[in-house]
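1. Predicted structure and sequence below. I'll ask about it afterward.
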Amino acid sequence: MKLLFLLSSLLFSLPQSYGRGLGNHGLAACQNVTLRPIKQYCAIDLTISLDMSIAMQQPNYISSLGYFAYGSLLTRFPISANYTRVAFQSFGSGGIYDSIWYSNYENLCTDINQQIQNSIGTGMNYANISNVLKYYYNTMVNSGRGPPYPQTYLLYTAISDPNDINAAIPIANQIKAANVTINIVGLGQNSSSPLANLATNYIGLPFIGGPYDASINWATLKSCTYDVTVPTTNVPPMSTPAIGPTYPPNSSYYGTPCAKNAPNAWLDIILVAEASVNMRAQDLNGLGGSFVSALATGPFTITNNATLQHSTRFALITYNSNPKLQWDFTVFGSLNQLLLNLTFIGDQFATTDPNANLFNALQLAQNFITSQISYRRPIIVVAAKSSNAQGGDPSTIANEMKGNDYQLVTINYNPNDLTNSQELSKIASPGMNFTDDNNITSNMNYALLEANCICPLGLSLHQYQKTDPKTGLITHYSDCFLPYPQVSLPEVAQLVCKNNEITDGRLAMQSTQDMLNFEQNIFGNSLTASGYTIGLNRLNNGIWSWFGPNGTYLPLQGFINWCDPSVAANPSSGNYAYLQIQGTCWVPVSATGVVIPSLCQYRSCDTDLFVQGCSWNKQVYTKHDTKN
């Protein structure tokens, strides 16, 4: 499929308007700024180095880069004396400049702003990348706080001369040998730039003059290699911990966390974007930029190989009066290829068509994914600003897809439009209806990583989940429950759970009140017996414990729910337990003492675990490497 923006044009074409009309910049922009750190406890010594040389081509582009650095990028770090300290370097306009270490955002911002003005007054000159790195090595490498605070050198540059860059490899190696992480963003360059040879981590952006937003998440996460473990009083925690049992963080007592390892994700992503007159080019470009940031976090393994294990494919459908498949799964074979195009979908596909036929767009998405289905889970992301009844009710198509376990995500670009809001909320999977705000990138990252956390298909499994009452976001856990209404002895019930073809089978835990309530709802009113066997046992050296993940035992603690509180002190009370329906409490029982139904617990699929039940297309299923 021929792309409107070929790689060569991406590398050498420049946007005509970016850098103009930049809004209220200057010293006033440095005052009363609220930092919004991506990693709240990021504790590093960061040097950000900005290219102000002739390689930047225009003074406007230097201004754009500087404004981006202090107005967007640096606000995502927790700049303070106890967390991230920042020094600023610029080069190519009157020599090389290095600042002091700043622990105050306003002072840092003022310094960068001043250097932008100086560069405009002085003019652009040639810069040698070797000299820039040598200057950093001599002045900054030994000036940090020292262990445990790592140093990171974050360089934004348009320098592309391979001879100049290759000559800098020895000094770059010296810097890295001093335990400094070198993160480089190549401006107007792709993944094959020789700049990658200098870097610990490298990413290319297609235009010298911006936009640069696609690098924010990447730069932050690649730079923040150390978090302090205990928040100081200078930066309060985001939320107050709930009072409850003293379980370890992310403990299986609360629910087993799903692996959310983006490079191992296995998704078929179809972005369905409105391209009517209401959805402006800048809206679409912003959508693309947010998606770029979400995909670059991790990063996701983008491929056009239908069978490559633990990988993600990407397709794009735009719609107005009629939908059109712009990019199918064969177009992009790597993340960098996708990033070079996705940020500019508005420039490519915006129209003046007044209609928005979402019904037909979802129908096209459904037909496309059916014809291209692989082992990956399909996730449909709908971005819309307007709504009309053209074509039919889109929720009917959406419900069909959700009934087949597709994940549907919606982004509402006009939340004030009640009709549009209601339509998108009906389309979305639970907890997956978002609005156009500053959290699109994080919401997309959340949605993509949640999508692989799902119980194996084809069985009546119930997945444990919790909803955040403030945000409405749903966290799915790697705990899938299956009731066995057939009666059996406790020993037999454990063997039945364990010998099932599903991964990591065992009798179920009830280690919190919330988990007990969830399990009660699984049986509902269908249970006629006095109760059901659970995973509480005394097989671990006589200690009451839960059957835990991978053959482990988790000692009973925190939530205690015996019908008779004296059980814990009675060593002869039994080796197993069941949940008594009357009273909703636990009763001990011997291995041969009661014959009742049971509740089994299994591990879900996630980014790192792929077994046969996880595959969407059983005909193309191949055994994946698993990380149990």
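-> Yes, it's here.

2. residues touching the most centrally placed residue in the chain, list them.
-> Note on the chain: the residue nearest the mean C-alpha position is Asn445, at 2.9 Å, using C-alpha atoms, centre = their mean. When contacts are counted by C-beta atoms under 8 Å, 6 or more residues apart in numbering, Asn445 touches Asn217, Ala262, Ala294, Thr297. C-beta here means a position set from N, CA and C on the backbone, and glycine is covered the same way.

3. now with 10 Å?
-> Residues in contact with Asn445 (C-beta atoms under 10 Å, 6 or more residues apart in numbering) are 217, 260, 262, 290-291, 293-298, 300, 439.

4. try Tyr149
-> Tyr149 touches Ala43, Ile44, Asp45, Asn82, Tyr83, Thr84, Arg85, Tyr226, Val228, counting by C-beta under 10 Å, 6+ apart.

5. State the distance from Pro485 to Ala29.
-> According to C-beta to C-beta, to the nearest Å, Pro485 and Ala29 sit 65 Å apart.

6. Gln189 and Thr157 touch, don't they?
-> Yes - at 8.9 Å, Gln189 counts as touching Thr157 under the criterion of C-beta atoms under 10 Å.

7. okay, these two: which has more neighbours?
-> Thr157 (29 against 24; other C-beta atoms under 10 Å).

8. Please name the bridge partners of the closest residue to that one other than its chain neighbours.
-> Excluding its sequence neighbours, the residue lying closest to Thr157 (C-beta to C-beta, 6 or more residues apart in numbering) is Asp51, at 4.0 Å. Partner residues in beta bridges with Asp51, using DSSP bridges, are Phe91.

9. contacting residues for Asp51?
-> 61-62, 65, 90-93, 124, 127, 129, 132, 155-159, 185, 187, 208.

10. cutoff 7 Å now
-> The neighbours of Asp51, taking C-beta atoms under 7 Å, 6 or more residues apart in numbering as the test, are Phe91, Gly92, Tyr156, Thr157, Ala158, Ile159.

11. Point out the least confident member of those, please.
-> The member of the contacts of Asp51 with the lowest pLDDT is Gly92, at 89.

12. So for the residue lying closest to it once chain neighbours are set aside, what pLDDT did the model give?
-> In this structure, Gly92 finds its nearest non-sequential neighbour in Ser53, 2.4 Å apart by C-beta to C-beta, 6+ apart. Listed pLDDT for Ser53 reads 93.

13. Please list the members of the contacts of Tyr149 that lie in strands.
-> Mapping those onto strands (DSSP state E) picks out Asp45, Arg85.

14. By neighbour count, which of the contacts of Tyr149 wins?
-> Of the contacts of Tyr149, with other C-beta under 10 Å as the count, Thr84 tops at 28 neighbours.

15. which residues touch the closest residue to that one other than its chain neighbours?
-> Spatial nearest neighbour of Thr84, excluding adjacent residues (C-beta to C-beta, 6+ apart): Phe77 at 4.4 Å. By C-beta under 7 Å, 6+ apart, Phe77 lies in contact with Pro37, Cys42, Leu46, Thr84, Val86, Thr220.

16. What of Ser49?
-> Gln89, Val132, Tyr136, Tyr153, Leu154, Leu155.

17. Any chance of the residues you listed in JSON lines with secondary structure, neighbour count and distance to Ser425 as columns?
-> Listed next are those as JSON lines, based on DSSP: H, G, I helix; E, B strand; the rest coil; neighbours: other C-beta atoms under 10 Å; distance: C-beta to C-beta, whole Å:
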{"residue": "Gln89", "secondary structure": "strand", "neighbour count": "21", "distance to Ser425": "48"}
{"residue": "Val132", "secondary structure": "helix", "neighbour count": "23", "distance to Ser425": "51"}
{"residue": "Tyr136", "secondary structure": "helix", "neighbour count": "24", "distance to Ser425": "51"}
{"residue": "Tyr153", "secondary structure": "strand", "neighbour count": "27", "distance to Ser425": "45"}
{"residue": "Leu154", "secondary structure": "strand", "neighbour count": "25", "distance to Ser425": "40"}
{"residue": "Leu155", "secondary structure": "strand", "neighbour count": "25", "distance to Ser425": "44"}
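
18. Which two of those have the greatest separation?
-> Greatest spatial distance among the contacts of Ser49 (C-beta to C-beta): Val132 and Leu154, at 12.9 Å.

19. For the nearest residue to Asn414 once chain neighbours are set aside, grab the count of nearby residues.
-> Nearest non-adjacent residue to Asn414, counting by C-beta to C-beta, 6+ apart: Lys385, 4.6 Å away. By other C-beta under 10 Å, 22 other residues sit near Lys385.

20. Over to Trp101?
-> Trp101 has 17 nearby residues by other C-beta under 10 Å.

21. I'd guessed it sits against Phe88; true?
-> No - using C-beta atoms under 7 Å, Trp101 is not in contact with Phe88; the gap is 9.7 Å.

22. Kindly list the main-chain dihedrals of Ser276?
-> phi -90, psi -180 (degrees, to the nearest 10).

23. who touches it in this structure?
-> Asn320, Thr351, Asp353, Pro354, Asn355, Ala356, Ser386.

24. I appreciate the help and will end here.
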